[in-house]
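[1] A predicted structure for the sequence below; I have some questions about it.
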Amino acid sequence: MALTQRLEFRQSQSLVMTPQLMQAIKLLQLSNLDLSAFVEEELERNPLLDRAADGPEPPVAGEPAMERSDYGDSDGSSSYGDDGDHSDMAAGSGGETAFESGQEEWMNRDLGTRAEIEQTLDTGLDNVFSEEPAEAAARAAQDAPPSVYTEWGGGASSDDEYNLEAFVAAELTLTDHLAEQLAVAFSAPAQRMIGQYLIDLVDDAGYLPADLGQAAERLGASQQAVDEVVAVLQKFDPPGVCARNLSECLAIQLREFDRYDPAMQALVEHLDLLAKRDIAALRKLCGVDDEDITDMIAEIRRLDPKPGLKFGTARTQTMVPDVYVRPGPDGGWHVELNSDTLPRVLVNQTYYAELSKTIRKDGDKSYFTDCLQNATWLVRALDQRARTILKVATEIVRQQDGFFTYGVAHLRPLNLKAVADAIQMHESTVSRVTANKYMATNRGSFELKYFFTASIASADGGEAHSAEAVRHHIKQLIDGEAPSAILSDDTIVERLRASGIDIARRTVAKYREAMRIPSSVQRRRDKQSMLGNALSAPASSSDRSRDTAPV
């Protein structure tokens, strides 16, 4: 078989992910905050990309004025004057030169003494140069000493730039509070290094990680040295800080109050029984009677399980909706984008045209050509992103009309494919659009993905039910149960099937745990305990006798 060279023509189709296409896909799934940060980076990187303002801005000295269609005249004229204007300006410049020379000559003339000046003017200087009341008041105010700190040059120069938050002291964080105590507690550099490393591991609630073995390995110190530093950190303020679990946190606070006796130690070590309201087992373990165990539980409840939350933490960013849904005048729903979350950028074509006339190097020309293409593509991608979000949100509102009218109980099952087929887009596009996007409605603000729920079959063969609507129904049943008739998961299944919802018991248990609702046994103990405390409260306030009923 001979090996030869030959030329062939082949025709094939392939999808090429260009940088512009990848950028457009990336913009779809960005939130409004991430999008703003991305646009700010592009504005700094691309000289041909400009921020669109709401009104005309005065030109900056030393910079060419930019032409924009938003700011131009109706006839599209430039902001610069015509040739006649230039000639007038040239003539005016010569006149101004002559005027300045004469003015300088007059300023240098010796006018003589005050008497000679008054004789020349045939009147007194007070009559000629008398100040108006407004001018006198302005001069007095100008000569007066500064009354505000900013007037001394230490703050803003105008009322518009005045920021009251600049004078507010920063909120003390838990890390800073512990670091101040660390500098006093240890003198050895090695212990300070270990302590600072551990303080950086403390979370917002004031807890250290349960396993500190990696800390000793990373620091190159022994486990005993780390434990000694932890023991000192646990004596810092606030009491209970730097604990590794809830039992240790409560034990530290009880030692601070000198209340950590053997009975209280047994109670703290068996908090799981306290959570289950198993008072009989706790009473047996602690070796106390009913009254003492009641006082001990009350004392535990007065402790702070999260001591670190007393200090400042990172500022929470407020959720800003991307879409607004309002009732329409015709009984429908009006969907609109939040204009505050849409970046306003434009391409400075005039600047590019001026640069093209002066640039001679090939490298500079290719650079500005790429900048023009990137800026144009970014503006188009932002516009396409806004249109896609509005299209997807409008279809969601149309599909979930019952939710906006009647509530969560009427939320329909919906998936990405149904919306994608309705608006003739791909499911991946709809998935990217609904990520990190929020919708403000008459029933609150929801993430767009909230409206996509699984379907649960109907018991009578009718229309399927939404999983979110079923969860809402389960919560209503549990909230309405009486303390003497707690609903088990089997009972909830029977009631849901009576309502036309075919659901399994394990699904009910999964939904209940997802909503952080305890089991029927735990709910029965909690409600009976609350009922017993409510019945014993009046008697304990009026009669302090020791013959109280067991908890």
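    Happy to help now that I have it.

[2] looking at this, His334 is in a strand?
    Yes. With the criterion set as DSSP: H, G, I helix; E, B strand; the rest coil, the secondary structure at His334 is a strand.

[3] Okay, and the beta partners of Tyr438?
    Listed beta-bridge partners, Tyr438: Glu447 (assigned using DSSP bridges).

[4] What about it, how many residues nearby?
    Tyr438 is flanked by 19 other residues according to other C-beta atoms under 10 Å. In this view, the C-beta of every residue, glycine as well, is placed from N, C-alpha and C.

[5] Start at 3, not 1
    With the count now opening at 3, the last piece we talked about shows up as Tyr440.

[6] Assess the claim that it and Pro323 are in contact.
    Yes. Using C-beta atoms under 8 Å, Tyr440 is in contact with Pro323, at 4.6 Å.

[7] Which neighbours do these two have in common?
    Applying C-beta atoms under 8 Å, 6 or more residues apart in numbering, one finds that Tyr440 and Pro323 are jointly contacted by Ser447.

[8] In the protein, where is pLDDT below threshold?
    Along the chain, the model assigns pLDDT under 70 to residues 3, 17, 55-172, 314-319, 462-463, 531-553.

[9] For it, which segments count as strands?
    Per DSSP state E, the chain has strands spanning 51-53, 325-329, 335-339, 347-349, 440-443, 446-449, 457-458, 467-468. These are given in chain order.

[10] export these to a markdown table and tack on distance to Lys237?
    Supplementary listing: the strands of the chain in a markdown table, determined by distance: least, C-beta to C-beta, whole Å:
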| stretch | distance to Lys237 |
| --- | --- |
| strand 51-53 | 54 |
| strand 325-329 | 52 |
| strand 335-339 | 55 |
| strand 347-349 | 56 |
| strand 440-443 | 45 |
| strand 446-449 | 44 |
| strand 457-458 | 54 |
| strand 467-468 | 53 |
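
[11] Pick the most deeply packed of those strands.
    With neighbours taken as mean count of other C-beta atoms under 10 Å, those reach their highest mean count in strand 467-468, at a mean of 26.

[12] Just name whatever secondary elements that strand is in contact with.
    If you count contacts as 3 or more C-beta pairs under 8 Å, 6 or more residues apart in numbering; DSSP states H and E, strand 467-468 packs onto strand 457-458.

[13] I'd like to know which elements the strand it packs on is packed against.
    strand 467-468, helix 469-481.

[14] To Val510, which of these lies closest?
    Distances from Val510 to each of the helices and strands packed on strand 457-458 were compared using C-beta to C-beta; the shortest belongs to helix 469-481, at 6.4 Å.

[15] Can you give me the buried ones in the closest one?
    Of the residues in helix 469-481, those with enough neighbours to count as buried (16 or more other C-beta atoms under 10 Å) are Ala469, Glu470, Ala471, Val472, Arg473, His474, His475, Ile476, Leu479, Ile480.

[16] I'd say the fifth one and Arg518 touch.
    It refers to Arg473. No. Using C-beta under 8 Å as the test, Arg473 is too far from Arg518 to be in contact (11.8 Å).

[17] the longest helix in this protein is where?
    Selection of the longest helix in the chain by residue count, based on DSSP state H, yields helix 364-401.

[18] what's the angle from that one to strand 325-329?
    30 degrees (axes from the mean of the first three to the mean of the last three C-alpha atoms, to 10 degrees).

[19] Which positions in helix 364-401 come out as buried?
    Of the residues in helix 364-401, those buried by neighbour count under the rule 16+ other C-beta under 10 Å are 370, 373-374, 376-377, 379-381, 383-384, 387-388, 390-399, 401.

[20] can you check stretch 409-428 too?
    For stretch 409-428, burial by neighbour count (16+ other C-beta under 10 Å) applies to Val410, Leu413, Arg414, Pro415, Leu416, Leu418, Ala420, Val421, Ala422, Ala424, Met427.

[21] quick one: contacts for the third one?
    When you say that, I think you mean Arg414. For Arg414, the set of contacting residues under the criterion of C-beta under 8 Å, 6+ apart consists of Gln401, Gln402, Gly404, Phe405, Ser468.

[22] from the residues you listed, which is closest to Thr20?
    Sorting the contacts of Arg414 by how near they are to Thr20, with C-beta to C-beta, puts Gln401 at the top with 33.4 Å.

[23] and the gap between that closest one and Thr436?
    Here the distance between Gln401 and Thr436 works out to 13 Å (C-beta to C-beta, to the nearest Å).

[24] Met24 now?
    From Met24 over to Thr436 the distance is 20 Å, taken as C-beta to C-beta.

[25] Looking only at neighbour counts, state which of those two leads.
    Thr436 (23 against 10).

[26] Now do the contacts for Leu51.
    Contacts for Leu51 (C-beta under 8 Å, 6+ apart) come out as Glu44, Leu45, Val347, Leu348, Val349, Asn350, Cys373, Asn376, Ala377, Leu380.

[27] Number of residues surrounding the closest residue to Ile505 other than its chain neighbours?
    On the basis of C-beta to C-beta, 6 or more residues apart in numbering, the spatially nearest residue to Ile505 that is not a chain neighbour turns out to be Leu498, at 5.4 Å. Around Leu498 there are 21 other residues, counting by other C-beta under 10 Å.

[28] list the contacts for Leu498?
    Shown in contact with Leu498 (C-beta under 8 Å, 6+ apart): Val472, His475, Ile476, Ile505, Val510.

[29] Correct me if wrong: the third one contacts Ile494.
    So the one you mean is Ile476. Yes. Contact criterion C-beta under 8 Å: Ile476 and Ile494 qualify, at 6.1 Å.

[30] quick check, nearest of the buried residues of helix 469-481 to Asp332?
    Minimum separation from Asp332 among the buried residues of helix 469-481 (C-beta to C-beta) is found for Ala471, which lies at 26.7 Å.

[31] close enough to count as contact, that closest one and Leu416?
    No. Assessed by C-beta under 8 Å, Ala471 is found out of contact with Leu416, at 11.4 Å.

[32] Tell me how many other residues surround Ala516.
    Ala516: 9 surrounding residues under other C-beta under 10 Å.

[33] Kindly report the same for the one 4 residues further on.
    One way to gauge burial is a neighbour count; for Pro520, by other C-beta under 10 Å, it gives 15.

[34] Quick check: chain neighbours aside, which residue is closest to it?
    Nearest in space to Pro520, with sequence neighbours left out and distances taken as C-beta to C-beta, 6+ apart, is Asp528 at 7.2 Å.

[35] ok, Met441 - contacts?
    Neighbouring residues of Met441 by C-beta under 8 Å, 6+ apart: Pro323, Asp324, Val325, Tyr326, Val327, Ala395, Ile398, Ser447, Phe448, Glu449, Leu450.

[36] Confirm for me that the second one is in contact with Ser341.
    No. With contacts defined as C-beta under 8 Å, Asp324 does not count as touching Ser341, sitting 10.6 Å away.

[37] of these two, who's got more company?
    More neighbours surround Asp324 than the other of Asp324 and Ser341, with 25 against 9 (other C-beta under 10 Å).

[38] and of the buried residues of helix 469-481, the nearest to Val270?
    The closest of the buried residues of helix 469-481, once distances to Val270 are taken by C-beta to C-beta, is Ile480, at 30.8 Å.

[39] That closest one contacts Ser522, correct?
    No. With contact defined as C-beta under 8 Å, Ile480 does not count as touching Ser522 (9.0 Å).

[40] Overlap in contacts, the two.
    Both Ile480 and Ser522 are in contact with Leu489, where contact means C-beta under 8 Å, 6+ apart.

[41] Which ones among the buried residues of stretch 409-428 lie within helices?
    For those, membership in helices holds for Leu418, Ala420, Val421, Ala422, Ala424, with DSSP H as the criterion.
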